[in-house]
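**Q** what would the 3D arrangement of this be:
(one chain, ligands or ions: 1)
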Amino acid sequence: MQTPNGSPLLECRQLKKTFGAKTALDSIDLTVQPGECQVLLGPSGCGKTTLLNLVAGSLQADAGSLSIAGQLVDDPTRGMHRPMQQRGLAMVFQHHSLWPHMNVSQNVEFGLKLRGVDPSERHKQVMGTLERLQMEEFAERPIGTLSGGQQQRVAIARALVVQPRLLLMDEPLSALDARLKEELKSEIAMLIRDTGQTVLYVTHDQGEAFALGDRIALMSDGRIAQNSTPEAIYQTPSSRFVAEFIGSANVLAFQRQGDEIVLEDTLRMAATNGLPASGHLVVRREDIDLCPGEATAANKTPNGILPGAVRHSRFLGDRHEILLDLERGVSLRAFHRSGFSCGEKVGIRLDLQRAHVVRG
Ligand code: ATP
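**A** Reported below is the predicted structural model:
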């Protein structure tokens, strides 16, 4: 969708929302361009739903401003608050809110009827949208006879058929079982790319965030910690919180001493070029090599291999996650193609070339 003067589809400026003494959102700046899928990701209570509700218009901001397609819809300083129905939005929730007394096509058709679209055009659009969601053969079926996944497909069709300026999705897959979730996740990703639909998508599931998001805003305690492409948020986290939340990276404090670095005040390794004097190193689980039988007793080894012991080894299906104990209480998580026995001694090699430095 094009917006007037090429303005963003959604623009939040310094949004703030409190509930009594609780600041649910603080200084939120967020810009979503037409056709983008912006994910809001974060732990429970970080403010994702509150932000979605401000955009929807079901909540009013305390401060800041919010514009949709270049049109100001919320600005408390001017007493401006446009209701939900004037914002050009559609929503899909965790639990669909379909009308049980209507069949599938009547549910999908409803929004078009409200907008005065004539019956033959309505039929064409409803069937076209149901087809996109592989639901055309269910058009006449009562809602109560559909499975949970089919009902969620109808809810998505109902939201898409009105061609909203912005589609808001609030944990739409969280009530589905793992296999269905996987299937529908890919379908939604293809659907929103094919239709060019702009989406604001709330989830606490990283898999969904990475499968769907053009950008992922990771939230913490009412603020956006980082808003980047999936690749950037994974490879170049801006803080320790982001690194630990996204992909459970190992974060180790380090200090440079000449041509060595000392990790967590205890483990010495040869330094790589470009490391600052001190900071925190983000080492991903896939960037740690485990060498069975290469453990040494020393805490400094010329070949860069640190000694450690396996505390726990967990089979994940396609690989194993190994929890390792190193010298003086330092622990690390690593991936390996095979499992280890508890207590087994291993050599540990960190790929510092791939490590990223963050503030603490
Ligand atoms: P979850 O993933 O668990 O749904 P969330 O990230 O969506 O969490 P919000 O629901 O936005 O978080 O809540 C943010 C904070 O604001 C929480 O501390 C919550 O308890 C508080 N909060 C939200 N709504 C209200 C309300 N109506 N009254 C009081 N506090 C609220």
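**Q** over to Phe210. Which of the three states is it?
**A** helix (DSSP: H, G, I helix; E, B strand; the rest coil).
**Q** around the ligand, pick out the residues from the stretch 1-150 of the chain.
**A** Residues of the stretch 1-150 of the chain lying close to the ligand by Cβ under 6 Å from any ligand atom are 19, 22, 24, 42, 44-50. C-beta: built from backbone N, CA, C; applies to glycine.
**Q** need those residues in JSON lines (columns: pLDDT).
**A** As requested, those are exported to JSON lines (pLDDT from 0 to 100):
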{"residue": "Phe19", "pLDDT": "97"}
{"residue": "Lys22", "pLDDT": "95"}
{"residue": "Ala24", "pLDDT": "97"}
{"residue": "Gly42", "pLDDT": "95"}
{"residue": "Ser44", "pLDDT": "93"}
{"residue": "Gly45", "pLDDT": "94"}
{"residue": "Cys46", "pLDDT": "95"}
{"residue": "Gly47", "pLDDT": "97"}
{"residue": "Lys48", "pLDDT": "96"}
{"residue": "Thr49", "pLDDT": "95"}
{"residue": "Thr50", "pLDDT": "97"}
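**Q** now, the most widely separated pair of the residues you listed?
**A** Spatially, the most separated pair among these is Phe19 and Gly42, at 17.3 Å (Cβ to Cβ).
**Q** so which of the two has more stuff around it?
**A** Gly42 (26 against 11; other Cβ atoms under 10 Å).
**Q** what sits against the more buried one?
**A** 48, 204, 218-220, 225, 245 (Cβ atoms under 8 Å, 6 or more residues apart in numbering).
**Q** let's see it at 7 Å
**A** Neighbouring residues of Gly42 by Cβ atoms under 7 Å, 6 or more residues apart in numbering: 48, 204, 218-220.
**Q** mean confidence score for stretch 253-262?
**A** Stretch 253-262 comes out with an average pLDDT of 90.
**Q** gap between it and the chain center?
**A** 34 Å (Cα atoms, centre = their mean, to the nearest Å).
**Q** give me the element the spatially closest residue to Val357 that is not a sequence neighbour is part of.
**A** Closest residue to Val357 apart from its sequence neighbours, by Cβ to Cβ, 6 or more residues apart in numbering: Gly279 at 4.5 Å. Per DSSP states H and E, Gly279 falls inside strand 278-283.
**Q** now that strand: mean pLDDT?
**A** 93.
**Q** cool, stretch 93-112 as well?
**A** Mean predicted lDDT for stretch 93-112 stands at 90.
**Q** can you give me the buried ones in that stretch?
**A** Neighbour counts over stretch 93-112 (16 or more other Cβ atoms under 10 Å) mark 93, 96, 98, 103-112 as buried.
**Q** show me the contacts for the residue nearest the centre of the chain.
**A** Nearest residue to the geometric centre of the chain (Cα atoms, centre = their mean): Ala209, 3.1 Å. For Ala209, the contact set (Cβ under 7 Å, 6+ apart) comprises 39, 41, 203, 216.
**Q** okay, now the residue lying closest to Leu130 once chain neighbours are set aside: neighbour count?
**A** Leaving aside its sequence neighbours, Leu130 sits nearest to Glu136 (Cβ to Cβ, 6+ apart; 4.5 Å). Around Glu136 there are 16 other residues, counting by other Cβ under 10 Å.
**Q** now for the least confident helix or strand in the chain by mean pLDDT, which elements pack on it?
**A** Lowest on mean pLDDT, DSSP states H and E among the helices and strands of the chain sits strand 267-270, with a mean of 86. Here strand 267-270 touches strand 260-263, going by 3 or more Cβ pairs under 7 Å, 6 or more residues apart in numbering; DSSP states H and E.
**Q** partner strands of the strand it packs on and their direction?
**A** Sheet pairing for strand 260-263, assigned by DSSP bridges, gives strand 250-257 (antiparallel), strand 267-270 (antiparallel).
**Q** hang on, the earlier thing: shouldn't the residue nearest to Leu130 be in contact with Gly128?
**A** No: between Glu136 and Gly128 there is no contact under Cβ atoms under 7 Å: 8.8 Å.
**Q** nearest to the ligand: which residue in the stretch 201-350 of the chain?
**A** Scanning the stretch 201-350 of the chain for the residue nearest the ligand gives His204, at 5.1 Å (criterion: Cβ to the nearest ligand atom).
**Q** repeat for the stretch 51-200 of the chain
**A** Counting by Cβ to the nearest ligand atom, the stretch 51-200 of the chain gets nearest the ligand through Leu51, at 6.9 Å.
**Q** tell me what the helix or strand harbouring that residue is packed against?
**A** Assigning secondary structure by DSSP H and E places Leu51 in helix 48-56. Packing partners of helix 48-56 (3+ Cβ pairs under 7 Å, 6+ apart): strand 10-19, strand 22-32, strand 37-41, strand 166-170, strand 199-203.
**Q** which other residues reach that helix?
**A** By Cβ under 7 Å, 6+ apart, helix 48-56 touches 10, 15, 17, 24-25, 28, 40, 42, 59, 61, 66, 74, 84, 89, 91, 168, 170, 200, 202, 219.
**Q** fine by me, thanks again.
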